[in-house]
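> Need a 3D model of the sequence below.
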Amino acid sequence: SLLLLLLLLRGMEPPQVKALGSLLGGEKRVEDAALTLVEAEREEEHVDDEQGSKTPSKRELYESRIKSFEEELARPVVDIAALRKVAMGGIPDQKSFRAKTWKILLGYLPRRREDWKKVLEDKRRQYADFCEEFLLDPTKLTQGAG
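Residues are numbered from 1 along each chain as shown. Below you'll find the model as predicted:
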C-alpha cells in the first residue's frame with residue numbers, strides 16, 4: 001500500500017504531500033517517503049543555472065541509451081566498434097539488448113542480421129546433439145544394468 005501511495009503522490013508539491021500525510025493519520029514514514037520522491041523528481045528535472053540549459057534527466061538519458069541500442073542492433077550489418085562503445089556504459093536489460101549484444105560481441109552471432117535466425121537454429125540443433133551424445137539419461141543406465 002505504501003508503494004501505491006507513493007505512485008499517487010508523484011507530481012505533488014511538498015505542502016500537498018504534508019497535508020495528505022496528516023489526513024492519513026500523520027504517518028511520518030509516509031510523509032518522509034513521499035517528500036523524498038518529490039525531491040528526487042525535482043533533481044531529475046535539474047536546470048543548469050550557469051548556462052540556462054536543461055540537464056537531461058535520468059529517464060531521458062536511459063531512453064537515449066535504449067535508442068542507441070535499437071539503432072546499432074537494427075543495422076543490416078552490426079558495427080562491432082560502435083556496439084562496443086555503446087555497451088561500455090552498461091547494457092539495458094530490455095528488448096533482449098543484453099543477450100543480443102553479448103552474443104554479437106563474443107562472436108556467437110554474426111554481424112549480419114539476416115544470418116541470425118539460421119545461425120541460432122544451427123547452434124540450438126548442435127547443442128541438442130551434444131546433450132544427446134554426452135549426457136547420460138539415468139533411467140537408461142538402470143535399465144541396461146538389470
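
> My guess is Ile66 contacts Gln94. True?
Yes - with contacts counted by C-beta atoms under 8 Å, Ile66 reaches Gln94, the gap being 6.4 Å. From N, CA and C alone the C-beta is placed, and that goes for glycine too.

> Would you map the helices across the protein?
2-9, 14-23, 28-44, 58-74, 80-87, 97-105, 116-134, 138-145 (DSSP state H).

> What residues does Val77 make contact with?
The neighbours of Val77, taking C-beta atoms under 8 Å, 6 or more residues apart in numbering as the test, are 111-113.

> 10 Å - rerun?
By C-beta atoms under 10 Å, 6 or more residues apart in numbering, the residues touching Val77 are 110-115.

> pLDDT weak spots in this protein?
Under the criterion pLDDT under 70, the flagged ranges of the chain are 1-53, 142-146.

> returning to what we had before: let me know the closest of the contacts of Val77 to Lys85.
Arg111 (15.1 Å; C-beta to C-beta).

> what about the closest one, neighbour count?
For Arg111, the neighbour count with other C-beta atoms under 10 Å is 15.

> That one contacts Val78, doesn't it?
Yes - counting by C-beta atoms under 10 Å, Arg111 touches Val78, with 4.7 Å between them.

> so what's in contact with these two at the same time?
Counting by C-beta under 10 Å, 6+ apart, the common neighbours of Arg111 and Val78 are Ile104.

> so who does the nearest residue to Val86 once chain neighbours are set aside touch?
Excluding the flanking residues, the one nearest Val86 by C-beta to C-beta, 6 or more residues apart in numbering is Ser68, at 4.8 Å. Listed by C-beta under 10 Å, 6+ apart, the contact set of Ser68 reads 82-83, 85-87, 89, 92, 97.

> what's the farthest-apart pair in those residues?
The largest separation in these, counting by C-beta to C-beta, is between Ala82 and Pro92 at 16.2 Å.

> out of these two, which sits in the busier spot?
Pro92 (16 against 13).

> how close does the more buried one get to Ile104?
To Ile104, Pro92 is 15 Å away according to C-beta to C-beta, to the nearest Å.
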